[in-house]
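Trainee: sharing a model prediction with you, sequence too.
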Amino acid sequence: MGVTGPPAIVTKLARGETGRRRSFNPFHSVKFFVLCHGLLQLSQLLVSGYMKSIVSTIEKRFGLSSQNSGMLSSLNEIGSTVLIVFVSYFGSRVHRPRLIGCGGILVSFSAFTMSLPHFIMGRYVYDGAVQNNVTGTCQPAGGGPAVNESCGTGGDRSDHHVLSLLMLGQLLLGIGGVPIQPFGISYVDDYASNRNSPLYLGILFAVSVLGPAFGFVLGSCALRIFIDVDKVPMAEIVDLEFGDPRWLGAWWLGFLFAASCVLVFSLPYFFFPREMPKEGSDDLKCDSNLEKDVLKVKEEVDAAQNLSLIQFIKSFPRILLRTLRSHVYLAVVLAQVCLSALMSGLTVFISKFLEQQFAITASVANLLIGSIHVPGAVLGILLGGVLMRRLSIGLRGSAIMCCLAIFISICTAAPLLFLGCSTQRVVGVNTLNGTLDVRQSCNKGCSCGDHVYNPVCARGNIEFISPCHAGCHNVIFNTQGKLTNYSNCSCVPGDGQVEPGTCGTNCSHLLPPFIFFLTLTGFVATLCQTPSFMLVLR
């Protein structure tokens with residue numbers, strides 16, 4: 001009794017428990033930090049997910065190709081790559097929560113920046129069906145007002161310079177996001193018990209996938225609102241409604257909402273301490289050889305933290321080569337790189353692919369991705385973290401779990417190669433080399449604009465990019481005054497009539513199985529998310 005008494009008193013004195021219980025401070029709880037970090041990651045990735053959901057709208061508004069929009073989306077990763085080495089140098093030297101808060105504020109500023117082009121550019125000008133006595137039909141040269149040739153670009157080519165604001169916003173988004181996930185994960189791993197750490201990280205990874213999901217859902221809602229809702233009374237948009245190929249949604253509106261969320265969720269980080277008490281530890285089992293490697297890596301990390309910035313830069317090649325000699329670490333990193341490359345391209349263009357392949361609107365495509373596919377990936381990440389905690393899976397078991405998940409996901413993705421249709425035939429568009437030759441002998445006398453897009457469909461699923469390019473001279477209205485058909489079309493054999501809108505595809509019945517296999521593949525593949533990160537951290 002005399003031996004155990006004094007240490008207990010000393011422990012209580014060290015903790016400040018002298019006759020009274022300490023008041024609970026949520027900013028000294030790792031669980032509360034996980035909650036705050038989950039909300040910040042959710043709102044941060046809401047911005048990047050929303051950007052991916054409006055790719056097709058951005059292309060139409062600024063006249064971009066898929067190659068250009070892909071480069072624009074990649075600026076996010078470029079911005080983060082530039083500073084990631086310096087973030088690894090600072091490590092635990094800095095006040096990590098405060099740096100995370102500063103990064104969140106920068107992300108909020110970047111989202112506001114990406115919404116600015118809408119307020120700088122003029123109104124959206126589109127090819128009108130009946131607008132100012134211009135029917136969009138074949139008008140002889142000099143015989144009437146010409147159809148505006150700048151559909152989708154705002155009517156002013158000089159407005160293209162505002163695209164630099166989107167590029168700047170993407171770069172700042174990548175830079176601001178650099179400290180958020182690395183510092184947040186390392187902070188949780190430092191002060192959470194080894195038993196709870198996989199579960200906490202699984203929650204954070206799941207939330208990080210929910211962010212893009214909410215981004216797609218937000219994009220679905222925003223794209224149902226007309227792009228110039230703040231500039232034009234809806235009463236003036238009499239010949240354009242949602243679902244029309246010329247319709248553009250309010251792509252800028254989601255950036256304002258997401259930026260406000262990021263700003264609010266960044267503020268609590270300025271109240272977290274630099275260090276907090278660690279949770280009770282109940283270590284996972286680990287192989288003896290791997291324990292030696294972990295201790296060696298920790299010693300090298302501690303030594304690196306004591307270096308100055310110049311010394312760190314000089315010693316970085318040597319540290320990098322030594323780290324790459326770890327076969328397990330190198331294999332895991334290469335696997336993550338390959339998986340990230342696959343997911344980056346998929347998330348940017350999957351919505352646009354669904355639009356074109358299954359003839360659905362951008363809003364519906366975003367809703368399907370955000371409400372079905374991405375939640376399936378979230379469930380996979382959560383289940384992976386729960387399995388690691390419940391089964392006390394060690395490092396070797398984590399590696400086996402990752403290999404099995406990737407192999408099964410490849411099998412479930414194979415049917416996606418066969419679910420689709422051939423490309424829609426559009427007159428004047430060469431699908432082999434991508435050239436555009438819309439000037440035909442049948443519409444030679446028409447003053448058609450080369451940049452208009454008001455598709456019409458003739459019998460036989462033959463599509464023209466506008467009624468003018470189909471050589472149509474007349475318009476047919478119903479009793480309610482709504483346009484139903486274009487007639488007397490010189491480029492259309494037979495009755496010479498076309499219907500407004502695209503011809504669509506014959507693949508609509510393949511959309512449900514495509515979404516099913518896409519979701520199943522995402523669910524299985526993300527089972528390895530938490531185990532792979534635990535391999536890197538350990």
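Mentor: Happy to help now that I have it.

Trainee: where do the helices of the stretch 1-150 of the chain begin and end?
Mentor: For the stretch 1-150 of the chain, the helices defined by DSSP state H, counting those that start in this stretch occupy 5-15, 30-53, 55-62, 66-90, 96-120.

Trainee: quick one, which of the ones you listed gets closest to residue 247.
Mentor: Set against residue 247 and scored by C-beta to C-beta, the helices of the stretch 1-150 of the chain come closest in helix 55-62, at 9.5 Å. Bear in mind the C-beta positions are built from the backbone N, C-alpha and C, glycine included.

Trainee: that closest one versus helix 30-53: what angle between them?
Mentor: 50 degrees (axes from the mean of the first three to the mean of the last three C-alpha atoms, to 10 degrees).

Trainee: helix 55-62 to helix 96-120, inter-axis angle?
Mentor: 40 degrees.

Trainee: send me helix 55-62 as CSV with only the CA atoms.
Mentor: Taking C-alpha atoms only, helix 55-62 is exported to CSV below (Å, rounded to 0.1, in the frame of the first residue of the first chain):
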residue,chain,number,x,y,z
VAL,A,55,-17.5,20.4,-66.1
SER,A,56,-19.9,20.1,-69.0
THR,A,57,-21.5,23.5,-68.2
ILE,A,58,-18.2,25.2,-67.9
GLU,A,59,-17.2,23.8,-71.3
LYS,A,60,-20.3,25.2,-72.9
ARG,A,61,-20.1,28.6,-71.2
PHE,A,62,-16.4,29.2,-72.0
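
Trainee: before we move on, back to that, deepest of the helices of the stretch 1-150 of the chain, which one?
Mentor: Per-stretch averages of neighbours, counted by mean count of other C-beta atoms under 10 Å, single out helix 30-53 among the helices of the stretch 1-150 of the chain, with a mean of 24.

Trainee: which other helices and strands contact that helix?
Mentor: Under the contact definition 3 or more C-beta pairs under 8 Å, 6 or more residues apart in numbering; DSSP states H and E, helix 30-53 sits against helix 66-90, helix 96-120, helix 163-176, helix 180-191, helix 197-222, helix 253-266, helix 327-358.

Trainee: so can I have TSV of the ones you listed showing mean pLDDT and distance to residue 401?
Mentor: Listed next are the helices and strands packed on helix 30-53 as TSV, based on pLDDT from 0 to 100; distance: least, C-beta to C-beta, whole Å:
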stretch	mean pLDDT	distance to residue 401
helix 66-90	74	27
helix 96-120	90	29
helix 163-176	86	30
helix 180-191	84	19
helix 197-222	80	11
helix 253-266	92	32
helix 327-358	78	12
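
Trainee: closest one to residue 320 among these?
Mentor: Short answer: helix 66-90, nearest of the helices and strands packed on helix 30-53 by C-beta to C-beta, at 9.8 Å.

Trainee: just checking, what packs against that closest one?
Mentor: Short answer (3+ C-beta pairs under 8 Å, 6+ apart): helix 66-90 packs on helix 30-53, helix 55-62, helix 163-176, helix 180-191, helix 309-324, helix 327-358.

Trainee: could I get those helices as CSV with distance to residue 415?
Mentor: Listed next are the helices and strands packed on helix 66-90 as CSV, based on distance: least, C-beta to C-beta, whole Å:
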stretch, distance to residue 415
helix 30-53, 24
helix 55-62, 25
helix 163-176, 34
helix 180-191, 33
helix 309-324, 37
helix 327-358, 15
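
Trainee: these two touch, right, residue 355 and residue 361?
Mentor: Yes: applying C-beta atoms under 8 Å as the test, residue 355 and residue 361 come out as touching, 7.0 Å apart.

Trainee: per-domain residue ranges of this protein.
Mentor: Per the record, the chain has its domains at 25-121+156-277+326-421+511-537, 124-155+422-504, by automatic domain parsing.

Trainee: just name the most buried of the ones you listed.
Mentor: Most buried of the domains of the chain, by mean neighbour count (mean count of other C-beta under 10 Å): domain 25-121+156-277+326-421+511-537, with a mean of 19.

Trainee: next one: that one to chain centre, how far?
Mentor: 4 Å (C-alpha atoms, centre = their mean, to the nearest Å).

Trainee: is it true that residue 121 touches residue 162?
Mentor: Yes: under the criterion of C-beta under 8 Å, residue 121 makes contact with residue 162 at 5.8 Å.

Trainee: which residues are in contact with the residue nearest to residue 73 when sequence neighbours are not counted?
Mentor: Distances taken as C-beta to C-beta, 6 or more residues apart in numbering place residue 348 nearest to residue 73, at 4.8 Å, with adjacent residues excluded. Applying C-beta atoms under 8 Å, 6 or more residues apart in numbering to residue 348 gives the contacts 52, 55, 69-70, 73.

Trainee: go again with 7 Å.
Mentor: Going by C-beta atoms under 7 Å, 6 or more residues apart in numbering, residue 348 touches 52, 55, 70, 73.

Trainee: with residue 185 instead?
Mentor: By C-beta under 7 Å, 6+ apart, the neighbours of residue 185 are 201, 204.

Trainee: can you check residue 419 too?
Mentor: Applying C-beta under 7 Å, 6+ apart, the residues near residue 419 are 510, 513-514.

Trainee: got those as TSV, with pLDDT and secondary structure columns?
Mentor: TSV is the format used below for the contacts of residue 419 (pLDDT from 0 to 100; DSSP: H, G, I helix; E, B strand; the rest coil):
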residue	pLDDT	secondary structure
510	84	helix
513	88	helix
514	88	helix
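
Trainee: closest to residue 112 among those?
Mentor: Using C-beta to C-beta, the contacts of residue 419 come closest to residue 112 at residue 514, 36.1 Å.

Trainee: returning to what we had before: redo the helices of the stretch 1-150 of the chain as a markdown table? Include distance to residue 485.
Mentor: Compiled in a markdown table, these are given as follows (distance: least, C-beta to C-beta, whole Å):
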| stretch | distance to residue 485 |
| --- | --- |
| helix 5-15 | 82 |
| helix 30-53 | 34 |
| helix 55-62 | 25 |
| helix 66-90 | 32 |
| helix 96-120 | 35 |
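
Trainee: between those helices, which one is closest to residue 403.
Mentor: helix 66-90 (26.2 Å).

Trainee: the closest one vs helix 163-176, what angle?
Mentor: Using the same axes, to 10 degrees, helix 66-90 lies at 30 degrees relative to helix 163-176.

Trainee: residues contacting helix 66-90, please?
Mentor: 48, 51-52, 55, 58-59, 166-167, 170-175, 177-179, 182, 309, 312, 348.

Trainee: again, but for stretch 379-391
Mentor: Here stretch 379-391 has contacts from 195, 198-199, 201-203, 205-206, 209, 393, 398, 522-524, 526-531, 534, using C-beta under 7 Å, 6+ apart.

Trainee: thinking again about what came up before, what would the helices and strands packed on helix 30-53 look like in JSON lines with distance to residue 274?
Mentor: Formatted as JSON lines, the helices and strands packed on helix 30-53 follow (distance: least, C-beta to C-beta, whole Å):
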{"stretch": "helix 66-90", "distance to residue 274": "13"}
{"stretch": "helix 96-120", "distance to residue 274": "7"}
{"stretch": "helix 163-176", "distance to residue 274": "21"}
{"stretch": "helix 180-191", "distance to residue 274": "10"}
{"stretch": "helix 197-222", "distance to residue 274": "19"}
{"stretch": "helix 253-266", "distance to residue 274": "17"}
{"stretch": "helix 327-358", "distance to residue 274": "28"}
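
Trainee: of those, which is nearest residue 231?
Mentor: helix 96-120 (9.0 Å).

Trainee: quick one: list the elements packing against that closest one.
Mentor: Helix 96-120 makes packing contacts with helix 30-53, helix 163-176, helix 180-191, helix 253-266 when contacts are defined by 3 or more C-beta pairs under 7 Å, 6 or more residues apart in numbering; DSSP states H and E.

Trainee: now the last one against helix 163-176, angle please.
Mentor: Orientation of helix 253-266 against helix 163-176 (the same axes, to 10 degrees) gives an angle of 30 degrees.
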